[in-house]
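> Let's see this in three dimensions:
(one chain, ligands or ions: 1)
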Amino acid sequence: MNLTNLADIRALLARHDFRFSKSLGQNFLTAAWVPANIADASGADEHTGVLEVGPGIGCLTEQLAQRAGKVVSVELDERLRPVLAETLAGYENVELVFGDVLALDLPQLVAERFPGLRPVVCANLPYNVTSPLLTAFLTAGCFDTVTVMIQREVARRLCARPGTADYGALTVFVQWHAEPELLFDVPPHCFVPAPKVTSTVVRLRVRAAPPVAVQDEKLLFTVVRAAFNQRRKTLINALSAGVPGCDKARAAAAVAACGLDARVRGETLSLAQFAALSDALGSENG
Ligand code: SAM
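Below is the predicted model:
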């Protein structure tokens, strides 16, 4: 069976009386070059343990299994259990886990399932939970790389530069934890059902340490969220509205201490400038 052939997919799913769920982000690949190229981009080899999210009918899973030492694939939809039992029957290095990947203890899973292997993530993500999934992968602190297909619009946000419309709190969070890279686009006609948007494959190389030092990482991300929650306001107004215990005078003092103009907007700040601002606010508050 060819897991990206539309006729084979329809026959398989009809036999199992399966209907696509929109709320689970079920758009399955129907172009063989896509899962092959995503698996290649993940750099999986016999020394790699791959965590896949959402195998669907297993077209990317089988490509990963052909390259990796081990694949653990987590699927939320129980209806796919008999389908995957059929399509992945020949792959001994694949372990299927049924459940919500967001409810799993990822460092524990990696320690237990991938001993001696380099842990990576590789997946065609369900787009409605992209941000929580990326947050979980990057804060787990146990993955070397994260290679995922996501909506093009979100992919551009991950890789954006300061001062552009795409630059936001998600950009800063992701670039704080990883070095993101846009790899290639995948058009809607490569999926069934076809999504409304173009997709992009990105690879995030997870950093061993943050790109710049900061005293209080929690405060840093409070500052970042405040800056982008009201991105049309000046940074001073946004900080005094969004950082607890920070009035306008404190915000103005911190902005001045960082050598920034009083009218500056948060969306123009680099990672290093956000870190400096967070440290200045931290010492102001302390
Ligand atoms: N990998 C397949 C492919 O490329 O054709 C399917 C990808 S489809 C975009 C996303 C998959 O993620 C679906 O199989 C869906 O059921 C599954 N999924 C959705 N939310 C999930 C979650 N929280 N945890 C695990 N799997 C999830």
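> The closest residue to the ligand within the stretch 151-286 of the chain: neighbour count?
The minimum distance from the stretch 151-286 of the chain to the ligand, using C-beta to the nearest ligand atom, falls at residue 191 (7.3 Å). In this view, the C-beta of every residue, glycine as well, is placed from N, C-alpha and C. By other C-beta atoms under 10 Å, the residues close to residue 191 number 19.
> please begin residue numbering at 15 from this point
Understood, numbering begins at 15; the last thing we discussed is residue 205.
> Could you tell me the per-residue confidence at it?
On pLDDT, residue 205 comes in at 98.
> what about the nearest residue to it once chain neighbours are set aside, how many residues close to it?
Leaving aside its chain neighbours, residue 205 sits nearest to residue 41 (4.2 Å; criterion: C-beta to C-beta, 6 or more residues apart in numbering). Per other C-beta under 10 Å, the neighbour tally for residue 41 reads 21.
> so residue 41 touches residue 210, yeah?
No. With contacts counted by C-beta atoms under 8 Å, residue 41 stays clear of residue 210, the gap being 10.1 Å.
> Please list the residues of the stretch 115-264 of the chain that sit near the ligand.
115-116, 138, 140, 143 (C-beta under 6 Å from any ligand atom).
> at 8 Å what do you get?
Applying C-beta under 8 Å from any ligand atom, one finds that the stretch 115-264 of the chain approaches the ligand through 115-116, 137-143, 147, 163, 205.
> Show me which pair in the residues you listed is furthest apart.
By the measure C-beta to C-beta, 116 and 205 form the most distant pair in these, at 22.8 Å.
> which secondary structure elements does the worst-scoring helix or strand of the chain on mean pLDDT contact?
Lowest by mean pLDDT, DSSP states H and E among the helices and strands of the chain is helix 285-299, with a mean of 89. When contacts are defined as 3 or more C-beta pairs under 8 Å, 6 or more residues apart in numbering; DSSP states H and E, helix 285-299 sits against helix 183-191, helix 231-243, helix 262-271.
> quick one, it and helix 231-243 angle?
Our comparison of helix 285-299 with helix 231-243, counting by axes from the mean of the first three to the mean of the last three C-alpha atoms, to 10 degrees, yields an angle of 110 degrees.
> Helix 285-299: which residues count as buried?
285, 287-296 (16 or more other C-beta atoms under 10 Å).
> What lies in contact with that helix?
For helix 285-299, the surrounding residues in contact (C-beta atoms under 8 Å, 6 or more residues apart in numbering) are 186, 189-190, 225-230, 233-234, 237-238, 241, 249, 253, 257, 259-260, 264-265, 267-269, 271-272, 274, 283.
> what's the distance between it and the middle of its chain?
26 Å (C-alpha atoms, centre = their mean, to the nearest Å).
> before we move on, what about stretch 17-36?
27 Å.
> close to the ligand, is that stretch?
Yes. Contact between stretch 17-36 and the ligand, assessed by C-beta under 8 Å from any ligand atom, occurs at 18, 35.
> average pLDDT for that stretch?
Mean predicted lDDT for stretch 17-36 stands at 97.
> Which residue of this protein lies farthest from its centroid?
In terms of distance from the mean C-alpha position of the chain, residue 263 ranks first, at 36.9 Å (C-alpha atoms, centre = their mean).
> contacting residues around it?
Counted by C-beta under 8 Å, 6+ apart, residue 263 has zero contacts.
> repeat for the one 5 residues further on
Listed by C-beta under 8 Å, 6+ apart, the contact partners of residue 268 are 253, 260, 291, 294-295, 298.
> Mind checking which of the residues of the stretch 115-264 of the chain next to the ligand are in helices?
Counting by DSSP state H, the part of those found in helices is residue 147.
> Just among the residues of the stretch 115-264 of the chain next to the ligand, which is most surrounded?
Ranking these using other C-beta under 10 Å puts residue 163 first, with 29 neighbours.
> Skip the chain neighbours and tell me the closest residue to it.
That would be residue 138: by C-beta to C-beta, 6+ apart, it lies 4.5 Å from residue 163.
> Just the pLDDT at that neighbour, thanks.
98.
> just checking, it touches residue 165?
No. Residue 138 is beyond contact range of residue 165, at 11.5 Å (criterion: C-beta under 8 Å).
> Now do the contacts for residue 225.
Shown in contact with residue 225 (C-beta under 8 Å, 6+ apart): 189-190, 285-286.
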